[in-house]
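K.L.:
Provide a 3D model corresponding to the input given below.
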Amino acid sequence: AYTPVLLVHRENVLSTRNREKFLRTAVDQLPLATRESYLSLATTFGNSSLIVQDVVDTNAYEIQVGGEMHLAIFPEPSRINHDCAPKCVLSAS
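P.N.:
The predicted structure follows:
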C-alpha cells in the first residue's frame with residue numbers, strides 16, 4: 001500500500017501558469033527525499049518551467065475522494081512497468 005505524495009483536484013479553472021505555481025508551492029513543501037522522488041519521475045514534454053504539472057500529466061492515477069475525481073501521484077507505483085516508448089510489444093496470435 002502506498003500513500004500519494006500529491007493529490008490534486010481535477011479542475012480546469014486555473015491557467016497553466018497559475019496551476020504550475022500552486023502545484024510547485026505544494027511540491028516545495030514535501031520532505032526533500034519525497035520532493036526529489038517526485039521531480040525525478042517521467043515527464044512527457046520536458047518543459048522545466050512546467051515540470052510539476054508535466055509530472056502530474058504523465059504519472060497521475062485517477063482516484064475518487066469525497067465523490068470528486070482527483071489525480072494522485074504515487075512515485076513508487078509510477079515506476080512499475082512504465083515506459084513512454086516501449087521496446088517490446090506483445091501481440092495476440
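K.L.:
buried stuff in the longest helix along the chain?
P.N.:
Longest helix in the chain by number of residues, with DSSP state H as the criterion: helix 16-28. Buried residues in helix 16-28, counted by 16 or more other CB atoms under 10 Å: Arg19, Glu20, Leu23, Val27. In this view, the C-beta of every residue, glycine as well, is placed from N, C-alpha and C.
K.L.:
what is the nearest of those residues to Arg10?
P.N.:
The shortest approach to Arg10 among those belongs to Arg19, at 11.4 Å (CB to CB).
K.L.:
let me see the ranges of the strands in the protein.
P.N.:
In the chain, the segments counted as strands under DSSP state E are 6-9, 61-65, 68-73.
K.L.:
turn the ones you listed into TSV, columns for mean pLDDT, mean neighbour count and distance to Thr34.
P.N.:
Formatted as TSV, those follow (pLDDT from 0 to 100; neighbours: other CB atoms under 10 Å; distance: least, CB to CB, whole Å):
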stretch	mean pLDDT	mean neighbour count	distance to Thr34
strand 6-9	93	16	9
strand 61-65	92	11	17
strand 68-73	94	16	10
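K.L.:
could you dump the ones you listed into TSV with distance to Ile80 added?
P.N.:
Compiled in TSV, the strands of the chain are given as follows (distance: least, CB to CB, whole Å):
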stretch	distance to Ile80
strand 6-9	18
strand 61-65	11
strand 68-73	14
